[in-house]
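Visitor: Dropping the sequence and predicted coords here.
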Amino acid sequence: MLYCIRDEFKLKKLIKVEEVRKMIYMDHSATSPVDPEVFEAMKPYFIEFFGNASTLYSLGRESRMAMESAREQVASLIGAEKKEIIFTSGGTESDNIAIKGIAYKHKNKGNHIITSDIEHPAVDETCKYLEKNGFEVTYLPVYEDGIVRVKDLEDAITDKTILITIMHANNEIGTIQPIAEIGSIAREKKIYFHTDAVQTVGKISVNVNELNVDLLSLSSHKLYGPKGVGALYVKKGIRLEPIMHGGGHERSIRPGTENVAGIVGLGMACSIAQENLEKDAQKLINLRDRLIAGVLNGIDDSYLNGHRTKRLPNNANFRFTGIEGESLILHLDSKGIASSTGSACSSTKLEPSHVLTAIGLEEVEAHGSLRISLGHENTEKEIDYTITAIKEVVSKLREMSPLWCSSKT
Ligand code: PLP
């Protein structure tokens, strides 16, 4: 019986392993493959050293030790202290724990939260939930370049503001926010400051002290670690109301038996990222700029969404007049290229991306976007193939597009 279920499971695969290997993967902002070194580091913690990290015997202590050295690796990548790292199940959970944790713990001091118009749903929906529960939220605009203005932030602060939560870099258009500046204002006004750094950790230098943040979320699967694990940096001395209740794991901020293998993987991914950060970032910038130049110079009526340079080294987000994003993605898929429109979270929704409308795009323009997010395994040859593929697909789709034809007659 068990065998039948396994066989059925095998049949359900949509794509063969050999095809995956041949594929040009350009959707690293959605997720990244696990680095083989990370996988090797994790393996012993599934079958051999499987002990519960809260137990006293040597098998459990082994898990605890592995977890603590992973905590050190995470802390080191972001310039934090080991005790300031809380392991979670990923970026979404880190964001929820940080935002609700501050809101509920400090509601006696005020009920006002400031965020931006382009946050990931993990922050945006959490703020909307709090709005339904007695909090007031100000959503800062980001203008055409996708960047918040410090002046707008200063104007939004009231004596009821207890929390500012602004993402470090956007997951769709890659724009990087002036986090250090925002942080110093927050510090001066004694307002807690959280940043969602899921897209930046492992890609650009992230140092919690230089950024003046009190809380910072990160996620393992965006930096070549496994899915389902992440961390929250909580500056020492900051108190959070737990959103989950259970055992005393992770200082009771995130109770539940720890995902030791996942945490070991996250730690190793952080260590590798730290070692290669500068080299990888430069390589990615070169590839990104080659792609941007190739697309914008080679295709009429093509545009880059978001700021030209204040963006993630691995992100290019385009729009093409007269083109529908979903068709573009599917045609590129048939040419062996994995890319996306909007973000992974909104790619199955029909509404236009809230990020693209926030930078002032019309609904029809927002539907025509293409996000390419690169990884260190991508090559110049792949970039050149992708530029050619995009040109071919855009031209083919435009021939069939009533939108394009009517704009040209
Ligand atoms: N925040 C940002 C900016 C993200 O890009 C993502 C994932 O796409 C998340 C949060 C959620 O992270 P996770 O998938 O680990 O829950």
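Guide: The structure has been received and is ready for your questions.
Visitor: Need the contact partners of stretch 262-269.
Guide: Stretch 262-269 is contacted from outside by 34-35, 37-39, 41-42, 45, 66-67, 69-74, 87, 202, 220, 223-226, 228-231, using C-beta atoms under 8 Å, 6 or more residues apart in numbering. C-beta: built from backbone N, CA, C; applies to glycine.
Visitor: Could you export that stretch as CSV, CA atoms only?
Guide: Extracted in CSV, the C-alpha atoms of stretch 262-269 (Å, rounded to 0.1, in the frame of the first residue of the first chain):
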residue,chain,number,x,y,z
GLY,A,262,16.6,23.7,9.1
ILE,A,263,18.3,26.0,11.5
VAL,A,264,21.7,24.3,10.8
GLY,A,265,21.0,24.9,7.1
LEU,A,266,20.1,28.6,7.7
GLY,A,267,23.4,29.0,9.7
MET,A,268,25.5,27.4,7.0
ALA,A,269,23.7,29.5,4.3
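Visitor: Low-confidence ranges, the protein, go.
Guide: 1-12, 342-350, 403, 406-409 (pLDDT under 70).
Visitor: how about a cut-off of 80?
Guide: Within the chain, the stretches with pLDDT under 80 are 1-15, 20-21, 342-350, 401-409.
Visitor: how does it divide into domains?
Guide: 38-272, 277-407 (automatic domain parsing).
Visitor: burial of residue 286, as a residue count?
Guide: 13 (other C-beta atoms under 10 Å).
Visitor: Would you double-check that it falls in a helix?
Guide: Yes: judged by DSSP: H, G, I helix; E, B strand; the rest coil, residue 286 forms part of a helix.
Visitor: one step back: which of the contacts of stretch 262-269 come close to the ligand?
Guide: residue 230 (C-beta under 6 Å from any ligand atom).
Visitor: follow-up on the earlier one: I'd like the domains of the chain written out as CSV, with distance to residue 14 added.
Guide: Shown next, in CSV, are those (distance: least, C-beta to C-beta, whole Å):
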stretch, distance to residue 14
domain 38-272, 18
domain 277-407, 11
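Visitor: Cross the contacts of stretch 262-269 against strands and list the overlap.
Guide: Among the contacts of stretch 262-269, the members found in strands (DSSP state E) are 87, 230, 231.
Visitor: Where neighbours are concerned, which of those residues has the most?
Guide: Within those, residue 231 tops the neighbour count with 33 neighbours, counted by other C-beta under 10 Å.
Visitor: That one and the ligand: what is the separation?
Guide: 10 Å (C-beta to the nearest ligand atom, to the nearest Å).
Visitor: Report the contact partners of residue 244.
Guide: Per C-beta under 8 Å, 6+ apart, neighbours of residue 244: 254, 255, 256.
Visitor: surely the first one meets residue 88?
Guide: Right, residue 254. Yes: using C-beta atoms under 8 Å, residue 254 is in contact with residue 88, at 5.3 Å.
Visitor: what are the ranges of the strands in the stretch 1-150 of the chain?
Guide: 24-25, 85-88, 112-116, 136-140 (DSSP state E, counting those that start in this stretch).
Visitor: mind putting the ones you listed in CSV, distance to residue 164 included?
Guide: Shown next, in CSV, are those (distance: least, C-beta to C-beta, whole Å):
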stretch, distance to residue 164
strand 24-25, 35
strand 85-88, 20
strand 112-116, 5
strand 136-140, 9
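Visitor: For residue 55, find the nearest of these.
Guide: Distance to residue 55, taken as C-beta to C-beta, is lowest for strand 85-88 among these, at 17.2 Å.
Visitor: ok, so of the contacts of residue 244, who is nearest the ligand?
Guide: Nearest to the ligand among these: residue 254, at 13.5 Å, using C-beta to the nearest ligand atom.
Visitor: which SS state does that closest one fall under?
Guide: coil.
Visitor: got a list of what it touches?
Guide: 86, 87, 88, 93, 97, 232, 242, 244.
Visitor: In those residues, find the pair that's most separated.
Guide: 87 and 242 (14.2 Å).
Visitor: Grab the nearest non-local neighbour of residue 205.
Guide: residue 277 (6.5 Å; C-beta to C-beta, 6 or more residues apart in numbering).
Visitor: sec struct for residue 193, please.
Guide: Per three-state DSSP, residue 193 ends up strand.
Visitor: My guess is it contacts residue 184. True?
Guide: No: using C-beta under 8 Å, residue 193 is not in contact with residue 184; the gap is 9.4 Å.
Visitor: which one of those two has more residues nearby?
Guide: Higher neighbour count among residue 193 and residue 184: residue 193, with 25 against 15, using other C-beta under 10 Å.
Visitor: List the contacts of that one.
Guide: Counting by C-beta under 8 Å, 6+ apart, residue 193 touches 163, 164, 165, 166, 182, 183, 186, 187, 212, 213, 214, 215.
Visitor: Try it again at 10 Å.
Guide: Counting by C-beta atoms under 10 Å, 6 or more residues apart in numbering, residue 193 touches 102, 114, 163-166, 179, 182-187, 211-216, 235.
Visitor: related to what we said a few turns ago, how many other residues sit next to the residue nearest to residue 205?
Guide: Residue 277 has 16 neighbouring residues, counting by other C-beta under 10 Å.
Visitor: shouldn't it be in contact with residue 77?
Guide: Yes: contact criterion C-beta atoms under 10 Å: residue 277 and residue 77 qualify, at 8.4 Å.
Visitor: Now do the shared contacts for those two.
Guide: 202, 205, 206.
Visitor: Put together JSON lines for these, with neighbour count on each row.
Guide: Listed next are these as JSON lines, based on neighbours: other C-beta atoms under 10 Å:
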{"residue": "202", "neighbour count": "27"}
{"residue": "205", "neighbour count": "15"}
{"residue": "206", "neighbour count": "25"}
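Visitor: could those residues go into CSV alongside distance to residue 396?
Guide: Below are the shared contacts of residue 277 and residue 77 laid out as CSV (distance: C-beta to C-beta, whole Å):
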residue, distance to residue 396
202, 36
205, 41
206, 41
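Visitor: Can you name the residues of the stretch 51-200 of the chain that neighbour the ligand?
Guide: Near the ligand, when you scan the stretch 51-200 of the chain using C-beta under 6 Å from any ligand atom, you find 90, 91, 92, 120, 122, 167, 171, 196, 198, 199.
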